[in-house]
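Participant: sequence below, structure please.
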Amino acid sequence: MTRETTSFVYVTYIRSTPQKVFEAITRPDVARRYWGHENVSDWKAGSKWEHIRANDERTVELVGKVVEISPPTRLVMTWANASQADDPSQYSRVTFAIEEYDTMVRLTVTHDELEAGSGMAKGISQGWPAVLSSMKSFLETGSGIDLFAKPKSA
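Facilitator: All right, here's what the predicted structure looks like:
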């Protein structure tokens, strides 16, 4: 039986350069400033990467491998909860496509090969829009957004 999969595509435009957007994804010291996590790897095809919470506990929350890397325009990696790292069926794929677009960058994030209805699919459908908004704010203003903000009561 084949599992049903789903995918999400997010596109945002950022007043920045491809190099700065690529660094915002791959440099731990930059990612922690808008994401609250660090993406740690040597960023070579076939290398592992870890998504580590940037706090005192330094919890590894996500893991995967770098599938393809072409700085500063493309990064493809596998993606799974650290607790499910031993199960190949739990891995999905994230592709970052970074394109110069007039005086800005068009960033397209495609998260595919997700198990339909899974906790990961539900989580990333809310997570990516917030993270990408925070990245955009950070790169344009120097300050990310509060990723843990809740809606105000009416």
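
Participant: and Val109, what are its bridge partners?
Facilitator: The partner list for Val109 in beta bridges (DSSP bridges) reads Tyr10, Phe96.

Participant: can you get me a residue count around it?
Facilitator: By the other Cβ atoms under 10 Å criterion, the neighbourhood of Val109 contains 22 residues. The way it works is simple: take the backbone N, C-alpha and C, and place the C-beta from them, glycine included.

Participant: quick one, helices of the chain?
Facilitator: Using DSSP state H, the helices of the chain run over residues 18-26, 28-35, 119-141.

Participant: which residues are in contact with the first one?
Facilitator: With Cβ atoms under 8 Å, 6 or more residues apart in numbering as the test, helix 18-26 has contacts from 14, 30-31, 34, 39, 41, 43, 71-73, 75, 96, 98-100, 105, 107, 135, 138-139.

Participant: re earlier: so which of the helices of the chain gets nearest Val67?
Facilitator: Judged by Cβ to Cβ, the one of the helices of the chain that comes nearest to Val67 is helix 18-26, at 14.0 Å.

Participant: CA atoms of that closest one as PDB?
Facilitator: Taking only C-alpha atoms (Å, rounded to 0.1, in the frame of the first residue of the first chain), the coordinates of helix 18-26 have been written out as PDB:
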ATOM      1  CA  PRO A  18      20.100  35.700  -2.800                       C
ATOM      2  CA  GLN A  19      23.300  35.400  -0.700                       C
ATOM      3  CA  LYS A  20      21.600  36.900   2.500                       C
ATOM      4  CA  VAL A  21      18.500  34.700   2.100                       C
ATOM      5  CA  PHE A  22      20.700  31.600   1.600                       C
ATOM      6  CA  GLU A  23      22.700  32.500   4.700                       C
ATOM      7  CA  ALA A  24      19.500  33.100   6.700                       C
ATOM      8  CA  ILE A  25      18.600  29.500   6.100                       C
ATOM      9  CA  THR A  26      22.100  27.900   6.500                       C
END
